[in-house]
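In: return a 3D structure for these sequence lines:
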Amino acid sequence: MIAIKVAPGPAWESLPNLYTIRGDKIRSALEYMGSLDRVRALQAEILITGHGEPVRGRALIDDTLGRMRAAVMHIHDQTVAGMVAGKDVRSLMREIEFPAELRVAQLHGKTSWNVRAIWTEYIGWFDYGSTTELYGVPPSAIAPDLLELAGHDALLARAAGHMTAAEPLKTLHLTDILLAADPADFAAVAVKKDALIQMLAGCSGENMSETMWLRSEILAADRALGIEATTNG
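Out: I've put the predicted structure just below:
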């Protein structure tokens, strides 16, 4: 009987995180698939992953690693095909999904994040979206201009309207503008918090990094509003 221990990776039967939001180097999708091939070739009866209990059974190990490999290959190939077709990275992040037979958990990695990691691995940090990406002046630099042109109340109302329409990310784009112009804009912080709560309620809660990030942002909004604690699920 062969028992092996592999380097810590994703939760079992879950997507890898090719580029973590906590900060780390990009992990190559092709190298990851190669590592799965090497482990499968050992035909182990017991697999110790570094996360959770040992996995037992040669057939189970081989089948699950095969599905994990197929899932990453799908993301990789669809991302590259989209790049060749001239699509931008955010469109691909929205569009690429799994067919039912390839579905694996996203406890650790997430499909859209891995799309972006693969894009960045091959193309780099410039995504050809705007010339401004090549320079040091961020979008927040024009927040006071937008605020002056549109008016605070109009921007705030539009931000709240997006949330009512169940588009909280658009709400966050607008509250980012308001808060870049005035970090102490409590009305904008309150709307931002409501959008984050909506996002937390609307996400599956499957991905640990996404869930904890949203919760931390809600707590940060609470602190800005002078609220000691909050219950956010």
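In: convert the host helix or strand of residue 209 to CSV, retaining C-alpha atoms only.
Out: Residue 209 is part of helix 208-225 when elements are defined by DSSP states H and E. Output of helix 208-225 as CSV, limited to C-alpha atoms (Å, rounded to 0.1, in the frame of the first residue of the first chain):
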residue,chain,number,x,y,z
MET,A,208,-13.7,31.2,2.5
SER,A,209,-11.6,34.1,1.3
GLU,A,210,-14.5,35.9,-0.4
THR,A,211,-16.7,35.5,2.7
MET,A,212,-14.1,36.6,5.2
TRP,A,213,-13.2,39.6,3.0
LEU,A,214,-16.8,40.8,2.8
ARG,A,215,-17.2,40.4,6.6
SER,A,216,-14.0,42.3,7.3
GLU,A,217,-15.2,45.2,5.0
ILE,A,218,-18.6,45.3,6.8
LEU,A,219,-16.7,45.5,10.2
ALA,A,220,-14.5,48.3,8.8
ALA,A,221,-17.7,50.2,7.7
ASP,A,222,-19.1,49.7,11.2
ARG,A,223,-15.9,51.1,12.8
ALA,A,224,-16.1,54.1,10.5
LEU,A,225,-19.7,54.6,11.6
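In: for that helix, packing partners?
Out: Judged by 3 or more Cβ pairs under 8 Å, 6 or more residues apart in numbering; DSSP states H and E, the packing partners of helix 208-225 are helix 186-202. Any C-beta I mention is one placed from the backbone N, CA and C, and that applies to glycine too.
In: which residues does the helix holding residue 209 contact?
Out: Outside helix 208-225, the residues that touch it by Cβ atoms under 8 Å, 6 or more residues apart in numbering are 17, 20-22, 107-108, 110, 186, 189-190, 192-193, 196-197, 199-200, 203, 205, 228-230, 232.
In: the helices in the protein, which residues?
Out: Using DSSP state H, the helices of the chain run over 29-41, 58-84, 89-95, 111-123, 143-150, 152-164, 168-181, 186-202, 208-225.
In: need these in a markdown table (columns: mean pLDDT).
Out: Output for the helices of the chain, formatted as a markdown table (pLDDT from 0 to 100):
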| stretch | mean pLDDT |
| --- | --- |
| helix 29-41 | 92 |
| helix 58-84 | 94 |
| helix 89-95 | 95 |
| helix 111-123 | 93 |
| helix 143-150 | 95 |
| helix 152-164 | 96 |
| helix 168-181 | 96 |
| helix 186-202 | 96 |
| helix 208-225 | 94 |
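In: kindly reformat these as CSV containing distance to residue 131 and mean neighbour count.
Out: Converted to CSV, those look like this (distance: least, Cβ to Cβ, whole Å; neighbours: other Cβ atoms under 10 Å):
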stretch, distance to residue 131, mean neighbour count
helix 29-41, 29, 15
helix 58-84, 20, 17
helix 89-95, 16, 15
helix 111-123, 16, 20
helix 143-150, 18, 14
helix 152-164, 25, 16
helix 168-181, 20, 20
helix 186-202, 29, 19
helix 208-225, 30, 17
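In: quick one: closest of those helices to residue 13.
Out: Ranking these by proximity to residue 13 (Cβ to Cβ) places helix 58-84 first, at 5.2 Å.
In: by contact count, what packs against the closest one?
Out: When contacts are defined as 3+ Cβ pairs under 8 Å, 6+ apart, helix 58-84 sits against helix 29-41, helix 89-95, helix 111-123.
In: rewinding a little: so which of the helices of the chain is nearest residue 51?
Out: Closest to residue 51 of the helices of the chain is helix 208-225 (Cβ to Cβ; 11.0 Å).
In: next, the angle from that closest one to helix 186-202.
Out: 160 degrees (axes from the mean of the first three to the mean of the last three Cα atoms, to 10 degrees).
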